[in-house]
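Enquirer: Mind looking at a prediction? Sequence and model below.
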Amino acid sequence: MTTATLPLKPITEDFKEAVAFALSQHEAARAFVAEVVEGGLRNVFLVGCGGSLTASYPVHFLLETRAGFPVFHMNSDEFNLRKPALLGEGSLVLVSSHTGTTKETVAAAHYAKSTGAKVAALTRDDDSPLAQAADIAFTYRSEDTVVAPKGVLFGQLAYALLEKTGVEGDYAAIRKAYEALPDALYTAQEEGEALAHTIATALADEPVTYVLSAGPNYGAGYGFTMCYLMEMQWKHGGSYHAGEFFHGAFEVVTEDQPVILFLGEDATRPMAERTRRFLDKYTRKAHYVDSRIFSLPGVPEELRGDITPIALDVFGTRLARHYESVRGHDLDKRRYMFQVEY
């Protein structure tokens, strides 16, 4: 039974500043992408580990559904060992690591460049090993605000790729929506506080929690499970695709099994709604994180599906803080990560 608690940490002080700094690199992203496209773009690879890999799920979905070129998404070490046959001249590799020191990701940048691919790094600082290994680095300069600016950096590159390769779209409207994100995502965190407290309080002592999500929101669910529940709270959790859930995993659901379901506003929402109908019927411990609770001022209705994956991912950071507070387990506490050789 949880008895220790910690004060709830506030929304990060530099949140709006970090997101705004990411937004300020919009023209640099467009110029870099224009150069890559003019040089003969053939494909795109999204490469990273942990939270830096989950951050690219929304743009993987975006590009796969709209782009005329193939897009690949994989763990850094698998990228290094798999040695994709299509990697080489004409490839653009977006590599991401918060610290810029993740050894597998730094190695991936070097390997990609050795094949003739262009490499862009998304990382905290422009003097990190990853930034130095890449052709260009897009940064956010914050230790505490990571998810939102990284989502913005990925998104700006993805929309530049779509625009520069001739995909039709209202890019002016998209840009306007992005410029609203410092305030919109801050407000979303405020709007989600009560829900985050409810979930953390209800599930603090549960032995196992399953987390479901789909489409561009899959990274939000997977990232919350692996990076926050398991890594930062030392709690058992499992993340499953809401569509795959009905092909095996749903057999573990009982009336006392906790499940968190993330629901977005994109084309895959029907999968999540089907899952919610099942959970409503078979467990009394289901909790729903529906992006419709976020007002997202400045984001037009028709573009919400493009923005809500970032909002859900940001909500996960606040939910983790509520777990930290309710359980008294500091998010920075580790057994193995950065503590031992691995």
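Expert: Nice, thanks for sending it over.
Enquirer: Contacts only, for the closest residue to Leu46 other than its chain neighbours.
Expert: Among residues not flanking Leu46 along the chain, Ser56 sits closest, at 4.1 Å (CB to CB, 6 or more residues apart in numbering). Where you see a C-beta, it was placed from the backbone N, CA and C, and this is true even at glycine. Ser56 makes contact with Leu46, Gly48, His73, Leu94, Ser96, Phe154, Gly219, according to CB atoms under 8 Å, 6 or more residues apart in numbering.
Enquirer: In terms of helices and strands, where is the third one?
Expert: Mapping His73 onto the secondary structure by DSSP states H and E places it in strand 71-75.
Enquirer: so after that strand, what's the next helix or strand?
Expert: helix 76-82.
Enquirer: quick check: angle from the helix or strand following that following helix to strand 71-75?
Expert: Next helix or strand after helix 76-82 toward the C-terminus (DSSP H and E): strand 91-97. Orientation of strand 91-97 against strand 71-75 (axes from the mean of the first three to the mean of the last three CA atoms, to 10 degrees) gives an angle of 30 degrees.
Enquirer: now for strand 91-97, which elements pack on it?
Expert: On a contact count with 3 or more CB pairs under 8 Å, 6 or more residues apart in numbering; DSSP states H and E, strand 91-97 meets strand 43-48, helix 51-54, helix 103-114, strand 118-123, helix 147-164.
Enquirer: okay, and for the chain, where does confidence drop off?
Expert: Where the chain drops to pLDDT under 70, the residues are 1.
Enquirer: Residue ranges of each domain in this structure, please.
Expert: Domain segmentation of the chain under automatic domain parsing yields 15-169, 195-327.
Enquirer: And those domains: which comes nearest Ala184?
Expert: For the domains of the chain, proximity to Ala184 was assessed by CB to CB; domain 195-327 is nearest, at 4.6 Å.
Enquirer: The strand holding His73: partners in the sheet, and parallel or antiparallel?
Expert: Note on strand 71-75: by DSSP bridges, its sheet partners are strand 43-48 (parallel).
Enquirer: Can I get the strand it pairs with in PDB? Just the C-alpha atoms.
Expert: Only the C-alpha atoms of strand 43-48 are listed here, as PDB (Å, rounded to 0.1, in the frame of the first residue of the first chain):
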ATOM      1  CA  ASN A  43      13.200   7.500 -48.600                       C
ATOM      2  CA  VAL A  44      13.200   8.500 -44.900                       C
ATOM      3  CA  PHE A  45      14.300   6.700 -41.800                       C
ATOM      4  CA  LEU A  46      13.200   7.600 -38.300                       C
ATOM      5  CA  VAL A  47      15.700   6.200 -35.800                       C
ATOM      6  CA  GLY A  48      16.100   6.400 -32.100                       C
END
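Enquirer: Could you check that strand and say which residues are buried?
Expert: Residues of strand 43-48 classed as buried: Asn43, Val44, Phe45, Leu46, Val47, Gly48 (neighbour count, 16 or more other CB atoms under 10 Å).
Enquirer: tell me the angle of that strand relative to helix 147-164?
Expert: Here the directions of strand 43-48 and helix 147-164 differ by 180 degrees (the same axes, to 10 degrees).
Enquirer: Other residues contacting the strand holding His73?
Expert: Here strand 71-75 makes contact (CB under 8 Å, 6+ apart) with 43-49, 53, 56-57, 60, 63-64, 82, 84, 86, 104.
Enquirer: repeat for stretch 296-312
Expert: Contacts to stretch 296-312, defined as CB under 8 Å, 6+ apart, come from residues 57-58, 61-62, 147-148, 151-152, 155, 173-174, 176-177, 179-181, 183-185, 187-188, 213, 215-217, 219-220, 262, 264-267, 289, 291, 294.
Enquirer: PyMOL command for the buried members of those residues?
Expert: Typed into PyMOL, the line below selects the buried ones among the contacts of stretch 296-312, using 16+ other CB under 10 Å:
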select buried, resi 57+58+61+62+147+148+151+152+155+174+177+180+181+183+184+185+187+188+213+215+216+217+219+220+262+264+265+266+289+291+294
